[in-house]
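J.: Turn this into a model:
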Amino acid sequence: MCKLCWVLLLGALLVIGAMAYRFIVAGEITVAEDGRQSLLLEVDERNLVLAEMRMFLSAAQQIIQAASEGDAETVARAAREVGGAAQQAVPGSLMKKLPLEFKKLGFDTHRKFDQLAMDAEAFGDTSVSLKQLSELMQNCVACHEVYRVDAIPAR
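T.: Below you'll find the predicted structure:
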(Lines give C-alpha, C1' and ligand atoms only; values in the text may rest on other atoms or scores of the structure.)
Protein backbone atom coordinates (compact mmCIF):
# COMPACT_ATOMS: atom_id res chain seq x y z
CA MET A 1 0.00 0.00 0.00
CA CYS A 2 1.24 3.51 -0.70
CA LYS A 3 2.51 5.82 2.03
CA LEU A 4 -0.34 8.26 1.43
CA CYS A 5 -2.88 5.49 2.07
CA TRP A 6 -1.21 4.62 5.37
CA VAL A 7 -1.13 8.27 6.41
CA LEU A 8 -4.82 8.69 5.52
CA LEU A 9 -5.72 5.49 7.38
CA LEU A 10 -3.78 6.60 10.45
CA GLY A 11 -5.44 10.03 10.31
CA ALA A 12 -8.89 8.47 10.04
CA LEU A 13 -8.17 6.14 12.98
CA LEU A 14 -7.03 9.09 15.11
CA VAL A 15 -10.19 11.04 14.32
CA ILE A 16 -12.38 8.01 15.08
CA GLY A 17 -10.47 7.39 18.31
CA ALA A 18 -10.85 11.01 19.41
CA MET A 19 -14.57 10.95 18.66
CA ALA A 20 -15.00 7.66 20.51
CA TYR A 21 -13.14 9.06 23.52
CA ARG A 22 -15.29 12.18 23.50
CA PHE A 23 -18.56 10.27 23.05
CA ILE A 24 -17.93 7.27 25.30
CA VAL A 25 -15.45 8.33 27.97
CA ALA A 26 -15.07 12.05 28.59
CA GLY A 27 -18.53 13.57 28.56
CA GLU A 28 -19.08 17.28 29.10
CA ILE A 29 -18.07 18.14 32.64
CA THR A 30 -16.45 20.91 34.64
CA VAL A 31 -15.46 21.14 38.28
CA ALA A 32 -18.15 22.85 40.34
CA GLU A 33 -17.49 25.25 43.23
CA ASP A 34 -18.32 22.46 45.71
CA GLY A 35 -15.59 20.24 44.24
CA ARG A 36 -17.92 17.80 42.51
CA GLN A 37 -17.97 17.22 38.78
CA SER A 38 -20.66 19.32 37.17
CA LEU A 39 -22.52 17.70 34.28
CA LEU A 40 -23.45 20.58 31.99
CA LEU A 41 -26.72 19.73 30.25
CA GLU A 42 -29.46 21.50 28.36
CA VAL A 43 -32.49 22.23 30.56
CA ASP A 44 -34.54 19.37 29.04
CA GLU A 45 -31.65 16.93 29.45
CA ARG A 46 -31.12 18.00 33.06
CA ASN A 47 -34.83 17.54 33.74
CA LEU A 48 -34.70 14.03 32.26
CA VAL A 49 -31.73 13.00 34.44
CA LEU A 50 -33.32 14.47 37.56
CA ALA A 51 -36.66 12.81 36.77
CA GLU A 52 -34.89 9.45 36.50
CA MET A 53 -33.26 10.02 39.89
CA ARG A 54 -36.65 10.83 41.41
CA MET A 55 -38.00 7.60 39.89
CA PHE A 56 -35.16 5.69 41.61
CA LEU A 57 -36.02 7.35 44.92
CA SER A 58 -39.72 6.65 44.52
CA ALA A 59 -39.03 3.00 43.67
CA ALA A 60 -36.76 2.69 46.72
CA GLN A 61 -39.55 4.04 48.94
CA GLN A 62 -42.09 1.64 47.41
CA ILE A 63 -39.70 -1.29 47.87
CA ILE A 64 -39.10 -0.43 51.53
CA GLN A 65 -42.84 -0.07 52.16
CA ALA A 66 -43.71 -3.32 50.36
CA ALA A 67 -40.84 -5.22 52.00
CA SER A 68 -41.96 -4.07 55.44
CA GLU A 69 -45.35 -5.64 54.63
CA GLY A 70 -43.79 -8.81 53.19
CA ASP A 71 -45.22 -8.03 49.74
CA ALA A 72 -42.64 -9.46 47.31
CA GLU A 73 -44.93 -8.93 44.32
CA THR A 74 -45.03 -5.16 44.85
CA VAL A 75 -41.27 -5.14 45.54
CA ALA A 76 -40.68 -6.78 42.17
CA ARG A 77 -43.07 -4.46 40.33
CA ALA A 78 -41.49 -1.30 41.81
CA ALA A 79 -37.97 -2.49 41.02
CA ARG A 80 -38.81 -3.56 37.48
CA GLU A 81 -40.27 -0.12 36.65
CA VAL A 82 -36.80 1.43 37.02
CA GLY A 83 -34.79 -1.50 35.71
CA GLY A 84 -33.05 -1.77 32.37
CA ALA A 85 -36.16 -1.08 30.32
CA ALA A 86 -36.37 2.43 31.82
CA GLN A 87 -32.95 3.44 30.50
CA GLN A 88 -34.09 3.07 26.89
CA ALA A 89 -35.64 6.55 27.06
CA VAL A 90 -32.24 8.26 27.31
CA PRO A 91 -31.32 9.83 23.94
CA GLY A 92 -27.86 9.39 22.43
CA SER A 93 -27.34 13.15 22.41
CA LEU A 94 -27.50 13.07 26.21
CA MET A 95 -25.39 9.93 26.57
CA LYS A 96 -22.45 11.59 24.79
CA LYS A 97 -22.42 14.37 27.39
CA LEU A 98 -22.18 11.98 30.34
CA PRO A 99 -18.77 10.76 31.52
CA LEU A 100 -18.09 7.03 31.44
CA GLU A 101 -18.11 6.57 35.23
CA PHE A 102 -21.51 8.27 35.48
CA LYS A 103 -22.87 5.97 32.77
CA LYS A 104 -21.41 2.93 34.52
CA LEU A 105 -23.16 3.88 37.77
CA GLY A 106 -26.43 4.43 35.94
CA PHE A 107 -26.32 1.17 33.99
CA ASP A 108 -25.32 -0.74 37.13
CA THR A 109 -28.18 0.82 39.10
CA HIS A 110 -30.73 -0.22 36.46
CA ARG A 111 -29.20 -3.72 36.37
CA LYS A 112 -29.37 -4.03 40.16
CA PHE A 113 -33.05 -3.01 40.17
CA ASP A 114 -33.68 -5.73 37.56
CA GLN A 115 -31.85 -8.29 39.71
CA LEU A 116 -33.81 -7.20 42.77
CA ALA A 117 -37.07 -7.67 40.85
CA MET A 118 -36.08 -11.12 39.56
CA ASP A 119 -35.00 -12.29 43.02
CA ALA A 120 -38.17 -10.95 44.66
CA GLU A 121 -40.26 -12.86 42.11
CA ALA A 122 -38.20 -16.03 42.34
CA PHE A 123 -37.70 -16.25 46.11
CA GLY A 124 -40.31 -13.97 47.68
CA ASP A 125 -37.94 -13.12 50.55
CA THR A 126 -38.31 -9.38 51.14
CA SER A 127 -35.45 -9.33 53.67
CA VAL A 128 -33.15 -10.21 50.74
CA SER A 129 -34.79 -7.40 48.76
CA LEU A 130 -33.96 -4.90 51.49
CA LYS A 131 -30.34 -6.05 51.57
CA GLN A 132 -30.14 -5.71 47.77
CA LEU A 133 -31.70 -2.25 47.96
CA SER A 134 -29.15 -1.21 50.58
CA GLU A 135 -26.31 -2.30 48.28
CA LEU A 136 -27.95 -0.64 45.28
CA MET A 137 -28.31 2.65 47.17
CA GLN A 138 -24.52 2.77 47.47
CA ASN A 139 -24.55 3.66 43.75
CA CYS A 140 -26.84 6.60 44.49
CA VAL A 141 -24.63 7.83 47.31
CA ALA A 142 -21.47 7.45 45.19
CA CYS A 143 -23.03 9.32 42.29
CA HIS A 144 -24.28 12.22 44.41
CA GLU A 145 -20.89 12.50 46.15
CA VAL A 146 -19.06 12.92 42.83
CA TYR A 147 -21.54 14.57 40.43
CA ARG A 148 -24.05 17.36 40.22
CA VAL A 149 -26.31 18.15 37.29
CA ASP A 150 -26.34 21.75 36.12
CA ALA A 151 -28.16 23.44 33.26
CA ILE A 152 -26.11 25.20 30.64
CA PRO A 153 -26.58 28.92 31.31
CA ALA A 154 -28.93 30.73 28.94
CA ARG A 155 -27.10 32.76 26.31
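
J.: any idea how far stretch 143-155 is from the chain center?
T.: Relative to its chain's centre, stretch 143-155 lies at 14 Å (Cα atoms, centre = their mean, to the nearest Å).

J.: my bad, should have said stretch 49-66
T.: With Cα atoms, centre = their mean, you get 14 Å for stretch 49-66.

J.: Can you point out the buried residues in that stretch?
T.: Across stretch 49-66, burial judged by 16 or more other Cβ atoms under 10 Å covers 49, 52-53, 56, 59-60, 62-64, 66. Using the backbone N, CA and C atoms, a C-beta is placed for each residue, glycine as well.

J.: ok, residues contacting that stretch?
T.: Stretch 49-66 has contacts (Cβ atoms under 8 Å, 6 or more residues apart in numbering) with 39, 41, 72-75, 78-79, 81-82, 86, 90, 94, 106, 109, 113, 116, 126, 129-130, 133, 136-137, 140, 149.

J.: filter those residues to the buried ones?
T.: Buried among these by 16+ other Cβ under 10 Å: 39, 41, 72, 74-75, 78-79, 82, 86, 90, 94, 106, 109, 113, 116, 126, 129-130, 133, 136, 149.

J.: Among those, which lie within helices?
T.: 72, 74-75, 78-79, 94, 106, 109, 113, 116, 126, 129-130, 133, 136 (DSSP state H).

J.: Pull up the gap between residue 16 and residue 92, please.
T.: The gap separating residue 16 from residue 92 is 17 Å, by Cβ to Cβ, to the nearest Å.

J.: who has more neighbours, those two?
T.: Between residue 16 and residue 92, residue 16 has the larger neighbour count (other Cβ atoms under 10 Å), namely 10 against 7.

J.: coming back round to it: tell me the two of the buried residues of stretch 49-66 that are most distant?
T.: Greatest spacing in the buried residues of stretch 49-66, by Cβ to Cβ: 49 and 66 (26.1 Å).

J.: what's the closest of the ones in helices among the buried ones among the contacts of stretch 49-66 to residue 155?
T.: Out of those, the member with the shortest distance to residue 155 (by Cβ to Cβ) is residue 94, at 19.5 Å.

J.: what helix or strand does the residue lying closest to residue 78 once chain neighbours are set aside sit in?
T.: Setting aside the residues directly before and after it, residue 78 is nearest to residue 62 in space (Cβ to Cβ, 6 or more residues apart in numbering), at 3.8 Å. According to DSSP states H and E, residue 62 maps onto helix 43-68.
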